[in-house]
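Enquirer: no sequence on this one, just coordinates:
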């Protein structure tokens, strides 16, 4: 008998659908022999754009790098400018930013939970998670006027003082119960376990070698969370979720646990904000803003792994060079290794469990 | 990391802040620091165009155990050694740099146009890239 290899082109259906990733798989029967990710369908030239825009012009565009967690990228750019100009943030701004970042993280994880289950063929969790995500988006809409591209963080502070704290209180009151509900229908579901347990095993060495960070790395048993030691999170008490499962199920469980932990952080920020005085901001004047000559970099723990930004300034109005590092880009690169030896029908489940988002890959 | 020891082995290097600037032997340096110290993640490779066809590459290594960053900088002209045999994540970084800066990495077999179309001419993040050049048009009819 001769073995015939089949080349299969997995996605995208159409260039304008969302989440356009092309995987070229080589198959032997249903077994995957090799995988070649092909990205670039959403490339918008974020790095090239930066070289022709002043810092304040560029700020609203960075939310688009990851449209599900835009706050993190605004925070990075603001952080670099603040760092370069030696501006220290008031405690209240720090608390506001932490609260919004964590709300954004929960919204992002909720969307992932729904769509991951959708990938596996379960449609109902999608509606449940979107119901809770809607509450968070509604809050963001009330506060910033936007559901996704908030553009709320500005150099040296936030666009306006925080408001509608009772909405946040309601969200964190309801959310833990709702997460319990998800866990009841998902976590020990036999079909879900069959699709995720011992599937897509990512050991510690491989994960580090492929520069995987964030939840995916922590689900492989490495204790690495860039929120520890982050100046924004100073004074907040939270636990780093480290699981030793290494499989798709562990990555799911870690995200669920992280959402609970985020609720905990939001609770602390909220308690502070309830009694905090009115915000007196000393914003950095964005007009004619110039960074001193030199290299600057900043990093943050985004929902999809480590996100960092590098700016080389020549003292002018625009960055001389700006580089983004996004977690998803490395997760997609990992598919080369992780899918090999698995069956075709598990490919989507494994890829889904890594939680990458394509605008972040293509930048 | 032990700077004195490093300098004794690789003489042609200097320290600038938290960045080690080397002139050659990129692969050797990276494999030395990963083998002798605890650096186990290559966070990213940052490329900067220096003009005259020169590109500066900054290798950003990180040690999970010691929570320590290390930057290794090298200026190359069009071609350098790939480190994909040490860090598999470099497949992604090197491919991106090849696509946007035109630096070739010998030993990386996955280099191809990534974001730009296959028949695109020029490398957009280089400073000498001309944006309204008609040669850069997508279809062959416009080729000068």
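Expert: On my side now, so go ahead. Keep in mind the model is a prediction, meaning the values are calculated, not measured.
Enquirer: what's the nearest residue to the residue in chain B that chain A sits nearest to if we skip its chain neighbours?
Expert: Closest to chain A within chain B is residue B:89: 3.4 Å, counting by C-beta to the nearest C-beta. In this view, the C-beta of every residue, glycine as well, is placed from N, C-alpha and C. Once flanking residues are discounted, residue B:89 sits nearest to residue A:211: 3.4 Å by C-beta to C-beta, 6 or more residues apart in numbering or on different chains.
Enquirer: any idea how far that neighbour lies from residue B:41?
Expert: Counting by C-beta to C-beta, to the nearest Å, the gap from residue A:211 to residue B:41 is 5 Å.
Enquirer: okay, how far is it across stretch B:64-81, tip to tip?
Expert: End-to-end distance for stretch B:64-81, by C-alpha to C-alpha, to the nearest Å: 25 Å.
Enquirer: with stretch A:286-303 instead?
Expert: End-to-end span of stretch A:286-303 (C-alpha to C-alpha): 28 Å.
Enquirer: now that stretch: buried residues?
Expert: Residues of stretch A:286-303 classed as buried by neighbour count (16 or more other C-beta atoms under 10 Å in any protein chain shown): A:291, A:295-303.
Enquirer: so which residue of the stretch 201-350 of chain A comes closest to chain B?
Expert: For the stretch 201-350 of chain A, the residue closest to chain B is residue A:211, as judged by C-beta to the nearest C-beta, at 3.4 Å.
Enquirer: near that residue, how many other residues are there?
Expert: Neighbours of residue A:211 under the rule other C-beta atoms under 10 Å in any protein chain shown: 29.
Enquirer: just the strands in the stretch 251-363 of chain A please.
Expert: Using DSSP state E, counting those that start in this stretch, the strands of the stretch 251-363 of chain A run over A:294-302, A:305-313, A:321-325.
Enquirer: for the ones you listed, give me a markdown table that also has distance to chain B and mean pLDDT.
Expert: What follows is those, written out as a markdown table (distance: least, C-beta to the nearest C-beta, whole Å; pLDDT from 0 to 100):
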| stretch | distance to chain B | mean pLDDT |
| --- | --- | --- |
| strand A:294-302 | 8 | 90 |
| strand A:305-313 | 5 | 91 |
| strand A:321-325 | 4 | 92 |
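Enquirer: mind showing which ranges of the chain have poor pLDDT?
Expert: No chain specified, so I'll use chain A. For chain A, applying pLDDT under 70 flags the ranges A:1-3, A:13-18.
Enquirer: wrong one, I was asking about chain B
Expert: The model of chain B has pLDDT under 70 over residues B:131-144.
Enquirer: get me the contact residues on it for chain A.
Expert: Within chain B, the residues that sit near chain A (C-beta under 8 Å from any C-beta of the partner chain) are B:40-44, B:46-49, B:64, B:67, B:87-89, B:91-92, B:96, B:100, B:110, B:114-116, B:124-125.
Enquirer: just those: which are in helices?
Expert: Of the residues of chain B next to chain A, the ones assigned to helices by DSSP state H are B:91-92, B:96, B:100.
Enquirer: quick revisit: which strand or helix spans the residue of the stretch 201-350 of chain A closest to chain B?
Expert: Assessed by DSSP states H and E, residue A:211 sits outside every helix and strand.
Enquirer: let me see the contact set for it.
Expert: By C-beta atoms under 8 Å, 6 or more residues apart in numbering or on different chains, the residues touching residue A:211 are A:330, B:41-44, B:87, B:89.
Enquirer: can we see that at 10 Å?
Expert: Listed by C-beta atoms under 10 Å, 6 or more residues apart in numbering or on different chains, the contact set of residue A:211 reads A:217, A:305-306, A:325, A:327, A:329-331, A:333-334, B:40-44, B:60, B:62, B:87-90, B:92-93.
Enquirer: all set, thanks.
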